[in-house]
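Asker: Sequence first, then the predicted structure, then my questions.
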2 protein chains.
Amino acid sequence: MKPIALDAAGGDAMPQAGVAGAKAAAAAGVPVVLVGDETVLRAELSAQGVDLPVHHAPDTIRMEDHAADVRRRRESSVMRAMRLVKDGEASACVSVGHSGATMAAALFVLGRLGGVERPAILANIPTKAGFTALIDAGANADCRPSYLQQFAVMGSTYARLFYGLPEPSVGLISIGEEAEKGNGLTREAHKLLQTTPGIRFFGNVEGRDLLRGTTDVVVADGFTGNVMLKLAEGEAKVIFGWVRDALTSGVLTKLGAALVRPALRGVAARLDPSEYGAQPLLGVGGYAFIGHGSSDGKAVENALKTAQRAVTAELVPKLVAGLAALGPQPG
Amino acid sequence: MKPIALDAAGGDAMPQAGVAGAKAAAAAGVPVVLVGDETVLRAELSAQGVDLPVHHAPDTIRMEDHAADVRRRRESSVMRAMRLVKDGEASACVSVGHSGATMAAALFVLGRLGGVERPAILANIPTKAGFTALIDAGANADCRPSYLQQFAVMGSTYARLFYGLPEPSVGLISIGEEAEKGNGLTREAHKLLQTTPGIRFFGNVEGRDLLRGTTDVVVADGFTGNVMLKLAEGEAKVIFGWVRDALTSGVLTKLGAALVRPALRGVAARLDPSEYGAQPLLGVGGYAFIGHGSSDGKAVENALKTAQRAVTAELVPKLVAGLAALGPQPG
């Protein structure tokens, strides 16, 4: 396998987190090439006592920059990393930098798969039984019904491959179970999904169904999906904060807390987004993964492993095959 | 104070929950009139050993009915209850039946306040410091920017009155902090909110900010708001279910669990929506409250108390005063 190109400049804790994550991933058998300022990266590699390939990129897109800036900043780390994928020198790109810029760079350099009007971010949401694939988790704030149809097909392919489900169920996020409940977008999308080949459409689902795992795939426009993802992650943190506070009041409670802490840690870990490290951008012509800007070394390591699994599983050719059933699309 | 009209026919656990809730509320000094089939209600009152006023309504809107049916079913319990409010015989209406029908009945019978294009549901979301007012929590799936402006004004009035905050902050739900992040609706609404008199606009907030309590009021279109509300409620249930499961594995963990249970119950209670019992529909010409269809006696009791507090605090005249600052609106 060609190495995975890690944008080791974009993100809050770079280059430390990038080098630490790449070092751990490399030790676990994941080939990595670090993309960023060569002098900075060589110094950090030396500081962490490891030698890994580096691809020089003199520029970095910062959080305050505009996503569209990537078009004219070809020398930025995220653009160089995508270019390595496009040129066949890397198998995938992972970035924990500016999410919008990573999406724009992926779209600009890798292009779209046939049948895809808008690529979408897929997030793995923990449930009792395993995971739900939430798509779109934030790439497209304004969607048309046909986009949601394409998300459903890509999400189903993903769930087949990664959750091992031959016929994953697909739910459409709305505000009532009945087909006519929802907004203009979901009512139209509901009709489309009912007749979409290659998916098992369950019908509308509601906010409460996400973590309950009512369906294997949950389709949403990127605005609603991103609000849901951030709410789900944020609420878990808030609740565990409350639990922590509650467990420090009173002697007997503190004693009990010491005994239950390992069990509670296990629950908290299931809800920790850094366990996956990064989310795939589905629908572009290659492998692109987007992580939290606040990713630490562990999150970067997990992101690189997630990318490797996707490449090994041949996710992109399988998306192409799944999308072919939809026939030609406008745009 | 005139009695509160309780729709004691619409809902999953009626008439038992209605009579039980009304009995408890009446004992706590909240005057109630039960609206529903008189024979059924008298029998239940007798079974529960209490005597309360009853207003006969021969018809009931069921969950499978259409919201718009209320227009021709004037004899239904929810329509009769609203009519009592309109005629000045009741001070407020509480229903835990068909939410859409309750909204339609409120709008049809009570009309809209001046300056309000669309009434909205306000939900109290628990935070560390107290509550956040989420508006709209589900009344309007498709919104225009001006609706969100009106929600912001009504939410601010509510927060001033019930959270005791002289200048509550208002956040607009979006998918990034910057003004230009979001969808077409939020970008326009952001501009409007920046120049809205009588509110303290904080800017965009994200899903994670809801339970964090970043702002006192969170404005959303009713689709996003409803998805958020149901996700927030559902996630709390799922997490506490996982915690319960985790605390039953191993002898030491079980021992610790017995010691921490009271503390954890306290945390779970904060996230229980039945603590409030019902959500106000703001922007109609009177007091209308909507509860969960699954409400039990305790939830109905709390809903009646919530309604009484709103009437006593003169919420509706204060909304009128707040909205006047917006000037005349279309529609």
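Answerer: Happy to help now that I have it. Everything numeric here is computed off the predicted structure, so don't read it as measured data. Numbers count the residues shown, from 1 in each chain, chains lettered A, B, ... in the order given.

Asker: Let me know whether stretch A:199-210 sits next to chain B.
Answerer: Yes: applying CB under 8 Å from any CB of the partner chain, one finds that stretch A:199-210 is in contact with chain B at A:Glu206, A:Gly207, A:Arg208, A:Asp209, A:Leu210. All C-beta atoms are positioned from the backbone trio N, CA, C, and that covers glycine.

Asker: among these, which are in helices?
Answerer: A:Asp209, A:Leu210 (DSSP state H).

Asker: B:Arg73: which of the residues of stretch A:199-210 next to chain B is nearest?
Answerer: A:Glu206 (26.5 Å; CB to CB).

Asker: Quick check: that closest one touching A:Ile173?
Answerer: Yes: using CB atoms under 8 Å, A:Glu206 is in contact with A:Ile173, at 7.4 Å.

Asker: more neighbours, those two?
Answerer: A:Ile173 (27 against 21; other CB atoms under 10 Å in any protein chain shown).

Asker: Give me the domain ranges for chain A.
Answerer: Per automatic domain parsing, the structural domains of chain A span A:1-116+A:283-317, A:120-272.

Asker: how far out from the middle of the chain is the longest one?
Answerer: When C-alpha coordinates are averaged (CA atoms, centre = their mean, to the nearest Å), domain A:120-272 and its chain have centres 13 Å apart.

Asker: which outside residues touch the helix or strand hosting A:Leu84?
Answerer: Using DSSP states H and E, A:Leu84 falls within helix A:77-86. With CB atoms under 8 Å, 6 or more residues apart in numbering or on different chains as the test, helix A:77-86 has contacts from A:5-10, A:33, A:35-37, A:55-57, A:59-61, A:70, A:73-74, A:90-95, A:97-98, A:101-102, A:105-106, A:108-110, A:286-288.

Asker: can you pull the buried residues of the helix or strand just after that helix?
Answerer: Next along the chain after helix A:77-86, taking DSSP H and E as the criterion, comes strand A:92-95. Within strand A:92-95, the residues scored as buried using 16 or more other CB atoms under 10 Å in any protein chain shown are A:Ala92, A:Cys93, A:Val94, A:Ser95.

Asker: And stretch A:96-116, by the same measure?
Answerer: Using 16+ other CB under 10 Å as the test for burial, stretch A:96-116 gives A:96-110, A:112-113, A:115-116.

Asker: same thing with stretch A:168-178?
Answerer: Quick answer for stretch A:168-178 (16+ other CB under 10 Å): A:Pro168, A:Ser169, A:Val170, A:Gly171, A:Leu172, A:Ile173, A:Ser174, A:Ile175, A:Gly176.

Asker: Same check on stretch A:126-133?
Answerer: Quick answer for stretch A:126-133 (16+ other CB under 10 Å): A:Pro126, A:Thr127, A:Phe131, A:Thr132, A:Ala133.

Asker: The second one contacts A:Thr215, doesn't it?
Answerer: No: because the distance of 9.9 Å does not satisfy CB under 8 Å, A:Thr127 is recorded as not touching A:Thr215.

Asker: any idea how far the residue lying farthest from the centre of chain A lies from A:Leu264?
Answerer: Among residues of chain A, the one most distant from the C-alpha centroid is A:Val251; the distance is 42.6 Å, by CA atoms, centre = their mean. Separation of A:Val251 from A:Leu264 (CB to CB, to the nearest Å) stands at 19 Å.

Asker: same thing with A:Gly283?
Answerer: 38 Å.

Asker: Looking at those two, which one has more neighbours?
Answerer: A:Gly283 (31 against 23).

Asker: Let me see the contact set for the spatially closest residue to that one that is not a sequence neighbour.
Answerer: Distances taken as CB to CB, 6 or more residues apart in numbering or on different chains place A:Pro119 nearest to A:Gly283, at 3.4 Å, with adjacent residues excluded. Contacts here follow CB under 8 Å, 6+ apart; on that basis A:Pro119 touches A:Met103, A:Ala106, A:Leu107, A:Arg112, A:Ala139, A:Leu281, A:Leu282, A:Gly283, A:Val284.

Asker: returning to what we had before: may I see the buried residues of stretch A:126-133 arranged in CSV, with pLDDT and secondary structure as well?
Answerer: Below are those laid out as CSV (pLDDT from 0 to 100; DSSP: H, G, I helix; E, B strand; the rest coil):
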residue, pLDDT, secondary structure
A:Pro126, 92, strand
A:Thr127, 91, coil
A:Phe131, 93, strand
A:Thr132, 96, strand
A:Ala133, 97, strand
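
Asker: if we can go back for a sec, between the residues of stretch A:199-210 next to chain B, which sits nearest B:Thr224?
Answerer: Scanning those for proximity to B:Thr224, where the rule is CB to CB, the winner is A:Gly207, at 9.7 Å.

Asker: Let me know whether that closest one touches A:Met228 as I believe.
Answerer: Yes: contact criterion CB under 8 Å: A:Gly207 and A:Met228 qualify, at 6.9 Å.

Asker: shared neighbours of these two, anything?
Answerer: By CB under 8 Å, 6+ apart, the residues touching both A:Gly207 and A:Met228 are A:Ile173, B:Val227, B:Met228, B:Leu231.

Asker: Quick one: buried ones out of the residues you listed?
Answerer: A:Ile173, B:Val227, B:Met228, B:Leu231.

Asker: returning to that earlier point: out of the domains of chain A, flag the one nearest B:Ala189.
Answerer: Of the domains of chain A, nearest to B:Ala189 by CB to CB is domain A:120-272, at 12.5 Å.

Asker: Run a quick neighbour tally on A:Glu86.
Answerer: Not Glu; residue A:86 is Lys. 17.

Asker: Ok, A:Lys305 next?
Answerer: 21.

Asker: Point out the other elements, helices or strands, that the helix or strand harbouring it touches.
Answerer: In this assignment (DSSP H and E), A:Lys305 forms part of helix A:297-312. For helix A:297-312, the contact count by 3 or more CB pairs under 8 Å, 6 or more residues apart in numbering or on different chains; DSSP states H and E identifies strand A:4-7, helix A:16-27, strand A:92-95, strand A:288-290 as packing neighbours.

Asker: Name the SS class of A:Thr248, please.
Answerer: coil (DSSP: H, G, I helix; E, B strand; the rest coil).

Asker: Next, the contact list for it, please.
Answerer: Applying CB under 8 Å, 6+ apart, the residues contacting A:Thr248 are A:Lys254, A:Ala257.

Asker: again, but for A:Ala13
Answerer: Contacts of A:Ala13 by CB under 8 Å, 6+ apart are A:Ser294, A:Ser295, A:Asp296, A:Gly297.

Asker: Next, A:Val35: secondary structure please.
Answerer: Criterion first, three-state DSSP; result for A:Val35: strand.

Asker: ok, the contacts of A:Pro119 vs B:Asp65, which is closest?
Answerer: Distance to B:Asp65 across those (CB to CB) is lowest for A:Ala139, with 38.8 Å.

Asker: Count the residues that sit near the closest one.
Answerer: 29.

Asker: Wait, it touches A:Ala123, no?
Answerer: No: under the criterion of CB under 8 Å, A:Ala139 is not in contact with A:Ala123, lying 10.8 Å apart.

Asker: Now the residue in the stretch 1-150 of chain A that chain B sits nearest to. Nearest residue, chain neighbours left out?
Answerer: Of all residues in the stretch 1-150 of chain A, A:Ala141 sits closest to chain B, at 4.0 Å by CB to the nearest CB. Distances taken as CB to CB, 6+ apart place B:Asn183 nearest to A:Ala141, at 4.0 Å, with adjacent residues excluded.
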